[in-house]
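Participant: here you go, sequence then predicted model.
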Amino acid sequence: MSKDAEYDSKINDRKGYLSELAIANNKLAVANSALAIANKKLTIANKKLTIANKKLTIANKELAIVNEELAIANKELAFQNEEKDKRAAELAIANQELTFQNKEKAKRAVELAIANKELAFQSKEKAKRAAELAIVNQDLTFQSKEKAKLAEELNDLAFYDTLTGLPNRRLLIDRLHHALASNVRQGCESAVMFIDLDHFKDINDTLGHEVGDLLLIQTAQRLESCLRKGDTVARLGGDEFMLILENLDENPIEAATKAKAIADKILAELNKPYQLDMHKCHSTVSIGAVFFDHQGNTAEDLIKQADIAMYQAKQAGGNLIRFFNPKMQESINARITLENELRIAIEKSQFHLYYQIQMDSDNRVLGAEALIRWTNPEHGLVLPATFIPIAEETGLILSIGKWVIETACAQIKVWQKKSQTRDLTLAVNVSAKQFRQKDFVDQVQSAVQRHAIPGNLLKLELTESLLQYDTEVTIAMMKALNKIGVQFSLDDFGTGYSSLQYLKRLPLDQFKIDQSFVRDIATDNNDKAIVKAIIAMAQILDIDVIAEGVETEEQQQLLLGKGCTLYQGYLFSKPIPIDQFDALIGRFTDS
Ligand SMILES: Nc1nc2c(ncn2[C@@H]2O[C@@H]3COP(=O)(O)O[C@H]4[C@@H](O)[C@H](n5cnc6c(=O)[nH]c(N)nc65)O[C@@H]4COP(=O)(O)O[C@H]3[C@H]2O)c(=O)[nH]1
């Protein structure tokens, strides 16, 4: 190969190479421009990426913030959840509390309903009370007008007796103080008189308290009419009046004569019959008088001495006057001694019973009346008339009476053991005070039961005055005792006020004709008529009659003739101790 060929080949090669290079350059240029474009694109893309990155960073930052916020929110949520749980727990407790409160509310509602009812009732009561208050107000208005009047009346009440309008005890004592003081100055004789109505209690018990009050009013008026202007007549209370007779005379004998004349005038005036409502009555008084003695006796001393003198007038039968003398004081002291001795007698069991036989017209023994006796260590045997009235006055009769019933029941029990005495009845006196005890029925019932005796063998003797008082209660008590068989006899029959009307209501088994009618039955036509009437009354009421105080066969025959077949009296026997009585029974039953 020549150099030129070589060259040419080389040139051709180069040229080929150059063209390839040019192509390559072109291609490169294209590629470069493509690269440039691509670069530009990349740059743009990068820029976009950068922007995107920036955005991402921002977004990330925002996300971080959001996350933080979320974390905070979560914490908050967790906290809130905790709070919610707490709240839920609290709510549960609150619910329980609410349930409890609801229950309480329901209870309260019931209570409120009740309270409402109560309120409604109270408001009604209030309305009533308001109405009442309105009336009371009216009354008060009226009363305030009356007050002045009342004050006056109160003054009267303090010094005057409301029933009779006479000065009362307070004013009397005041006047007596003045009278005593002026008596010392004037040296003139003055006196006080104590006046007490005889048997006022009987009128009160039989005709009622209203009639009793009328009697007191009329007595007061009559007393005033008997006195001079300056004299005082006062009512001490009950049926007791007192007079102050001032300046009777300077001469003591003249003064005594004048006082006696005034007392006689009073006795006569008060002796006149009284018209008390529908009833015509008769009443008397006992008067005790005492002179001011210038020896420093107080008003109270004088009242006491006049009272002692009045008591003596009463003891002497009433309807008379007694002037006080120191001997009377002695008798009062004796009475006080007797009372003390009676108390000792109860303590030391100094009482015993005597028995007085009761017979029928065929000479059969029916039983006995138990009569109390007191063996006083100093005075020996004391009869009941001496001590029963004092026992009644002092209330000692209650324990004495209880002892009598106990002893009588014990005696019936002893009689039960013998065929001879098994059917004997025993009559026992019962005093009014004793019968009026609240537990009297119990006392008798338990005595009968304790001694296990047939109740029909015990007979209680009651007096008329006792039966007329508080009749309904009396009947109930008698019926209660009747249930265990206890019998009742009306003692001293004929001496009091008795009408068929009330007698027929009483569960009585026997009338006992008082011995005062038996005593003169042979000679006194009045007594005969009374005995006949008593027996007729008993027959109508289908009641037994027994006569007491039968001393003679003539009396017995007269009584038998009138239809009285039961007797008690000295004709058969006096009251005797139990051993003698047992012997007496033996004699009667043997014959
Ligand atoms: N002249 C006369 N008298 C006769 C005759 N037969 C009986 N006597 C007496 O008359 C009284 C009858 O008793 P009295 O009327 O119940 O009257 C009794 C009675 O009221 C009362 N008394 C007696 N014992 C008790 C008692 O235990 N309790 C109560 N509360 N009073 C009693 O004492 C009053 C008097 O009793 P005594 O002195 O025992 O008096 C008895 C008796 O001894 C007679 O043929 N002629």
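Facilitator: Looks like it arrived, so ask away. Numbers count the residues shown, from 1 in each chain.
Participant: pull the longest helix from the chain.
Facilitator: helix 13-159 (DSSP state H).
Participant: so which elements touch that helix?
Facilitator: Other helices and strands packing on helix 13-159, by 3 or more Cβ pairs under 8 Å, 6 or more residues apart in numbering; DSSP states H and E, are helix 169-186. Backbone N, C-alpha and C define where each C-beta goes, glycine included.
Participant: check which residues of the helix it packs on are buried.
Facilitator: 169, 171, 172, 173, 175, 176, 179, 180, 183 (16 or more other Cβ atoms under 10 Å).
Participant: so who does the fourth one touch?
Facilitator: Think residue 173. Listed by Cβ atoms under 8 Å, 6 or more residues apart in numbering, the contact set of residue 173 reads 299, 300, 303.
Participant: residue contacts, the closest residue to residue 504 other than its chain neighbours?
Facilitator: Excluding its sequence neighbours, the residue lying closest to residue 504 (Cβ to Cβ, 6 or more residues apart in numbering) is residue 541, at 5.7 Å. In this structure, residue 541 makes contact with 500, 503, 504, 508, judged by Cβ under 8 Å, 6+ apart.
Participant: nearest to the ligand, of the buried residues of helix 169-186?
Facilitator: Nearest to the ligand, judged by Cβ to the nearest ligand atom, of the buried residues of helix 169-186 is residue 169 at 32.7 Å.
Participant: residue 247: what secondary structure?
Facilitator: Following DSSP: H, G, I helix; E, B strand; the rest coil, residue 247 is assigned to strand.
Participant: which residues does it contact?
Facilitator: 183, 186, 188, 189, 190, 230.
Participant: what do you get for residue 466?
Facilitator: Contacts of residue 466 by Cβ under 8 Å, 6+ apart are 430, 431, 432, 435, 474.
Participant: nearest to residue 556, of the residues you listed?
Facilitator: Residue 556 lies nearest to residue 430 out of those, by Cβ to Cβ, at 27.3 Å.
Participant: wait, the closest one touches residue 458, no?
Facilitator: No - contact criterion Cβ atoms under 8 Å: residue 430 and residue 458 do not qualify, at 10.8 Å.
Participant: between these two, which is the more surrounded one?
Facilitator: Between residue 430 and residue 458, residue 458 has the larger neighbour count (other Cβ atoms under 10 Å), namely 26 against 21.
Participant: check the gap between that one and the ligand for me.
Facilitator: Residue 458 sits 13 Å away from the ligand, going by Cβ to the nearest ligand atom, to the nearest Å.
Participant: with residue 507 instead?
Facilitator: Plainly put, residue 507 is 20 Å away from the ligand if you go by Cβ to the nearest ligand atom.
Participant: need phi/psi at that residue.
Facilitator: Backbone torsions for residue 507, taken as degrees, to the nearest 10, come to phi -80, psi 70.
Participant: and for it, the neighbour number?
Facilitator: Residue 507, neighbours per other Cβ under 10 Å, totals 14.
Participant: can you get me a residue count around residue 121?
Facilitator: Residue 121: 10 surrounding residues under other Cβ under 10 Å.
Participant: ok, it to the ligand distance?
Facilitator: In terms of Cβ to the nearest ligand atom, residue 121 sits 58 Å off from the ligand.
Participant: now residue 491: how far from the ligand?
Facilitator: Counting by Cβ to the nearest ligand atom, the separation of residue 491 from the ligand is 5 Å.
Participant: quick one: strands adjacent to the helix or strand in which that residue is found?
Facilitator: Under the criterion of DSSP states H and E, residue 491 resides in strand 487-493. Strand 487-493 has the following sheet partners, assigned by DSSP bridges: strand 458-463 (parallel), strand 510-513 (parallel).
Participant: hmm, who's touching that strand?
Facilitator: With Cβ under 8 Å, 6+ apart as the test, strand 487-493 has contacts from 425, 427, 429, 456, 458-464, 467, 478, 481-482, 503, 506-514, 534, 546.
Participant: now whichever helix or strand comes after it: mean pLDDT?
Facilitator: Going down the chain from strand 487-493, the next helix or strand is helix 500-503, by DSSP H and E. For helix 500-503, the mean pLDDT works out to 76.
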